[in-house]
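**Q** Got a predicted structure here, sequence first:
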Amino acid sequence: MKKIIPIIAITSLLNATNITTLFEGLKHHYKMQLDSVGIKSANLAKELVESQLYPKIDIFGSLTHYSLPNAIRPMPPSEASQRSKKHEPLLFSQNIARVGVNLSMPIFVKSIYTMSESAKYMQYSAKAKRKIDLLKDEATLVGAIANLQYLEHMRQTLKQKRATLKTTLKIVNQMVKSGRAPQSQKIKVLENLSSINIALNNIKIQKSNILALIKTLTGINIKHSVPLRKRGSLHYGEIIALKPLEYKANANRLKAKATAEKRLPSLFLKANYTKSYGKGYLSKKSVNTDFSSVSLNLKMPLLDMPLNKNIELSKLKYIKSKIEIKKTKEELLNQAKALKEQLKLLRENLKYSKDIIAKEKQLLKIAKATYEAQRLPIEEYLRYVNALYETKANYYKVKALYWQTFAKLAFIYGNDLENILR
């Protein structure tokens, strides 16, 4: 079952027929996988900072030869005197082996706590980035599908136009044969048909590029567009695209603070246990002994030029991040304002385009009857044909622009298109 379930899931993705399945594909493809790794890295970075508060324990071993006898362990004069009286070996040797354990632990280091808080904001930033990247990919996907719909409608429109011109060609052939029309009229119709074939080939090229983009975004192969229907409306709230930058700016602020706090006193605990082995001085008897130590150490830098420069650099990094937020916010607000106005105008243009299409159909019907009655030149008739299908093409173009504008606004204000479209 563990092997069968992924196969079923992959098969269902490959046979995607709606926008919901494509949105689902976005969540599991490469960019989201990379963002998930980024979140894990941010979590580990925080744990790495906090791990500095834990004790650090090392074991060690050494074998040292001295040119003159050296103390195996510290020995007060009174002990040396007693050993001499008892004829015990003195704790001096030229070859000394040592094994032991070192422990060190920060008792109070203010910068560690501040860096932990900074790392927390980097976690928030990584999570916000994943969400923003997903929303951005959703907007790109919707824009790609809108373009795909436009190309498919254009293909359909061009085929309709080609069918109309082929019907016209039959009429022109009959008129040329009967001598009621010159050969040039037939050439003009054939020229228009060749232009349509070129346009259809160009559509195929553009369509293949869009399908490749959708595959790159979702990992799903589709052969044609999927419907785009609204089941909700846009919500204009805060500009969520700024969130990763704001969290990162807070992290930089705390990093600058932590760097400055390295000037403060730090308190450390250190402990040591050592077992030493050697041959006693003069007696040449084997000696082994141990000793230990525990200390509290206070550390505070008085002069540290690299630290001073790092403090300045961290402050500049924070200032830069604040400027980037202001710049990005202004750009997005201006873009959002323009997109809102464009969305309103595009809605109006869609209504106008429908009216124009209806009128162009009527005009073409009249033009066809007039041409067949030989009261209209072929050039004029072909202009009516082109006008109708250009109007249809413009309508589908406006529709594609509407969806693209809608998707861009959704991204800026953090709307999840998966909840708005079906």
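**A** Arrived safely.
**Q** what ranges do the strands span in this protein?
**A** Per DSSP state E, the chain carries strands over the ranges 56-71, 92-108, 266-279, 286-299.
**Q** tilt between the last one and strand 92-108?
**A** To tie it back to what came earlier, the one meant is strand 286-299. Interaxial angle, strand 286-299 versus strand 92-108 (axes from the mean of the first three to the mean of the last three CA atoms, to 10 degrees): 30 degrees.
**Q** and Tyr150, how many residues sit next to it?
**A** 24 (other CB atoms under 10 Å). (C-beta placed from N, C-alpha, C; glycine too.)
**Q** again with Leu307
**A** Residues near Leu307, counting by other CB under 10 Å, number 13.
**Q** Tell me, what's the model's pLDDT at the nearest residue in space to it that is not next to it in sequence?
**A** Nearest-residue entry for Leu307: Lys262, 5.8 Å, with adjacent residues in sequence omitted and distances by CB to CB, 6 or more residues apart in numbering. Predicted confidence (pLDDT) for Lys262: 90.
**Q** In contact with Lys262, which residues?
**A** Shown in contact with Lys262 (CB atoms under 8 Å, 6 or more residues apart in numbering): Ser111, Pro301, Leu307.
**Q** give me phi/psi at it?
**A** phi -70, psi -10 (degrees, to the nearest 10).
**Q** coming back round to it: tabulate the contacts of Lys262 in CSV, adding columns for pLDDT.
**A** As requested, the contacts of Lys262 are exported to CSV (pLDDT from 0 to 100):
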residue, pLDDT
Ser111, 92
Pro301, 89
Leu307, 89
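**Q** Return the member of those nearest to Gln374.
**A** Ser111 (93.7 Å; CB to CB).
**Q** The closest one touches Ala258, doesn't it?
**A** Yes: counting by CB atoms under 8 Å, Ser111 touches Ala258, with 4.4 Å between them.
**Q** With neighbour numbers in mind, choose between those two.
**A** A side-by-side neighbour count of Ser111 and Ala258, using other CB under 10 Å, places Ala258 first with 23 against 20.
**Q** And that one, how close does it get to Leu264?
**A** As judged by CB to CB, to the nearest Å, Ala258 and Leu264 stand 10 Å apart.
**Q** Mutual contacts of these two, please.
**A** Ser111.
**Q** Determine the number of other residues adjacent to Ile240.
**A** 16.
**Q** How about Lys368?
**A** Neighbours around Lys368, by other CB under 10 Å: 18.
**Q** Test my guess that it contacts Ile378.
**A** No: in this structure Lys368 lies outside contact range of Ile378 using CB under 8 Å: 11.6 Å.
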